[in-house]
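**Student:** Take a look and give me a structure for this.
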Amino acid sequence: MTTTAPRLDPRVLGLAHYAARAVLESVLTRHGLAFQQQIVLRPVALADGPVDRDRLTEDTVAALKTDKQSVQGTIDGLITAELLGADATEVRITDAGRALYERVTKETSAASARIWGDIPEEDLLTAGRVLALVTERANAELATVAE
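**Tutor:** Below is the predicted model:
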């Protein structure tokens, strides 16, 4: 464990992100899922009913900073794999999709508990505020670059 706390900067943030993502991706790989598939599958698994496909696409594009065609391809792949079911405008989780989501969640929750479990609440709140501000500013910067 690190004894001297580094000052938060882009490198420290990036190292934490990639380390945590590598843990997640190791679990996803064991279950035959890609990262973007899990990001699409999650909100559908947590929804009380069908999810509007266009809203799911928009939310995923915004979260991952990716393109619409990529997300739509991911949704189509999950439908082909019978992890999602679909009609003209909505998608829903299938039994197979729910079972897979629950297996992955069980594994990732255990890893998250080991990673995050003993961090003091005050530190989590401070880090959360800083990272929310960084996210807000980065999104604003991205919006100006995209114009």
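**Student:** From here on, just use CA atoms for contacts and neighbour counts.
**Tutor:** Noted.
**Student:** what bits of the chain have low per-residue confidence?
**Tutor:** Scanning the chain for pLDDT under 70 picks out 1-3, 147.
**Student:** now with 90?
**Tutor:** Where the chain drops to pLDDT under 90, the residues are 1-9, 88, 135, 139, 142-147.
**Student:** which residue is nearest the middle of it?
**Tutor:** residue 39 (4.4 Å; Cα atoms, centre = their mean).
**Student:** which SS class is the nearest residue to residue 67 once chain neighbours are set aside?
**Tutor:** Spatially, and ignoring its direct neighbours in sequence, residue 67 is nearest to residue 61 (5.9 Å; Cα to Cα, 6 or more residues apart in numbering). Taken by DSSP: H, G, I helix; E, B strand; the rest coil, the conformation at residue 61 corresponds to helix.
**Student:** Could you do the one 5 residues further on as well?
**Tutor:** Three-state assignment for residue 66 (three-state DSSP): coil.
**Student:** since we're on it, how many residues are nearby?
**Tutor:** 13 (other Cα atoms under 10 Å).
**Student:** Tell me where this structure has helices.
**Tutor:** Taking DSSP state H as the test, the helices found in the chain are 10-30, 35-46, 53-64, 68-80, 95-116, 121-146.
**Student:** Between helix 95-116 and the longest one, find me the angle.
**Tutor:** The one in question is helix 121-146. Angle of helix 121-146 versus helix 95-116, following axes from the mean of the first three to the mean of the last three Cα atoms, to 10 degrees, is 120 degrees.
**Student:** Next, the angle helix 53-64 makes with helix 121-146.
**Tutor:** 110 degrees.
**Student:** what's the neighbour count on the residue nearest to residue 25 when sequence neighbours are not counted?
**Tutor:** In space, and not counting its chain neighbours, residue 25 is closest to residue 35: 6.4 Å by Cα to Cα, 6+ apart. Neighbour count of residue 35, defined by other Cα under 10 Å: 15.
**Student:** With residue 104 as the reference, measure out to residue 35.
**Tutor:** 12 Å (Cα to Cα, to the nearest Å).
**Student:** Kindly report the same for residue 46.
**Tutor:** 14 Å.
**Student:** Quick check: the residue nearest to the centre of the chain vs residue 104, distance?
**Tutor:** 12 Å.
**Student:** now swap in residue 142 and tell me
**Tutor:** 32 Å.
**Student:** Many thanks, I have nothing further to ask.
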